[in-house]
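> Any chance you could fold what I've pasted below:
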Amino acid sequence: MIAGHYKTNKVRMPEPQRVSEKLLGVNWKFADHMAIHEQIQRIRNLKSTTWQTVSREDMWRGLLDRLSYNDQSFPEFLQHHAVNGEISLARRDVRNIYASHPTCGVVATIIWSHARGIRVNALSLLVRDLTKLVELFENDDFDENQMSQLLGQPGISIPTASKMLSACGRKYKGKPAAIIDDTIIQVIEAPEFASDFTEISELRGKSRSRPIPYYEAYLEDVASICGRYDVTADMVDRFLSEYALVDAQETDQRKSA
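You can find the predicted model right below:
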């Protein structure tokens with residue numbers, strides 16, 4: 001059963017907001033060809049908070065009430081981090097929590113990356129295997145085997161794994177983890193960024209059929225951008241996410257004009 005379909009497990013996500021140029025701290029001018037090198041100052045100067053989710057405390061408590069478990073890490077997390085019945089987390093929040101308390105941090109990554117809900121049986125297995133997950137994340141640099149272990153957990157796909165690795169400040173095969181999702185995939189496969197994501201160009205349209213090679217190619221391109229322009233993986237994935245949002249809004253405005 002999916003949490004969102006259970007009458008007591010409703011998730012309230014923040015309403016999409018128009019992102020103004022003032023909020024982003026940049027002056028967005030979209031060109032037909034917008035390579036990364038033309039956006040470096042904007043990438044460095046983004047001020048908005050990205051990768052922030054809000055979910056309801058009662059949703060998670062409702063899910064936990066359906067399970068049989070001894071480990072109290074999840075209830076304790078809710079007790080300490082829910083405010084007015086909601087858990088609001090951004091990537092930096094999860095990273096700070098993990099740095100101070102790894103077990104609590106792994107719980108935070110699960111809640112943050114599943115704000116829309118999670119199947120009861122999937123949560124049951126994650127709760128059961130929490131100690132193993134905490135031990136897995138003790139690795140600063142994940143290899144293929146460790147990534148396979150993470151992806152072997154229920155409810156964890158490449159986008160979810162990328163969020164968890166990024167939030168905990170981990171690397172994958174020597175490269176800092178960067179978040180990838182369907183929105184970012186649309187951006188990096190767009191013609192205007194073809195020159196920046198050359199590794200991805202060889203796997204265009206294969207993010208679902210070949211998810212691990214696709215993510216590895218994405219990290220190759222992100223690492224190349226970071227080395228070339230002295231930016232971080234966090235800056236790059238944040239820009240790609242914001243670019244997609246603002247570009248979509250510009251498109252909507254043109255359609256309604």
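> where do the strands sit along the chain?
For the chain, the strands defined by DSSP state E cover 53-56, 86-89, 141-142, 171-172, 175-176.
> thinking residue 142 is in contact with residue 169, fair?
No: Residue 142 lies out of contact with residue 169 (Cβ atoms under 8 Å); the separation is 11.8 Å. From N, CA and C alone the C-beta is placed, and that goes for glycine too.
> Show me which of those two is the more surrounded one.
residue 142 (21 against 17; other Cβ atoms under 10 Å).
> So what's the residue count around the residue lying closest to the more buried one once chain neighbours are set aside?
Using Cβ to Cβ, 6 or more residues apart in numbering and skipping the chain neighbours, the partner closest in space to residue 142 is residue 172 (4.8 Å). Number of residues near residue 172 (other Cβ under 10 Å) recorded here: 23.
> Report the buried residues of stretch 70-89.
73, 74, 77, 78, 81, 82, 87, 88, 89 (16 or more other Cβ atoms under 10 Å).
> Give me the residues contacting that stretch.
12, 52-58, 60-61, 64, 97, 103-104, 107-108, 111-112, 115, 127, 130-131 (Cβ atoms under 8 Å, 6 or more residues apart in numbering).
> Filter these down to just the ones in helices.
Members of those lying in helices (criterion: DSSP state H): 57-58, 60-61, 64, 97, 103-104, 107-108, 111-112, 127, 130-131.
> from these, which single one is nearest residue 185?
residue 112 (20.1 Å; Cβ to Cβ).
> was I right about the closest one contacting residue 53?
Yes: assessed by Cβ under 8 Å, residue 112 is found in contact with residue 53 at 5.7 Å.
> of the two, who's got more company?
Under the criterion of other Cβ under 10 Å, the comparison of residue 112 against residue 53 puts residue 112 first, with 24 against 20.
> Tell me where the model's unsure across the stretch 1-150 of the chain.
1-34, 48-49 (pLDDT under 70).
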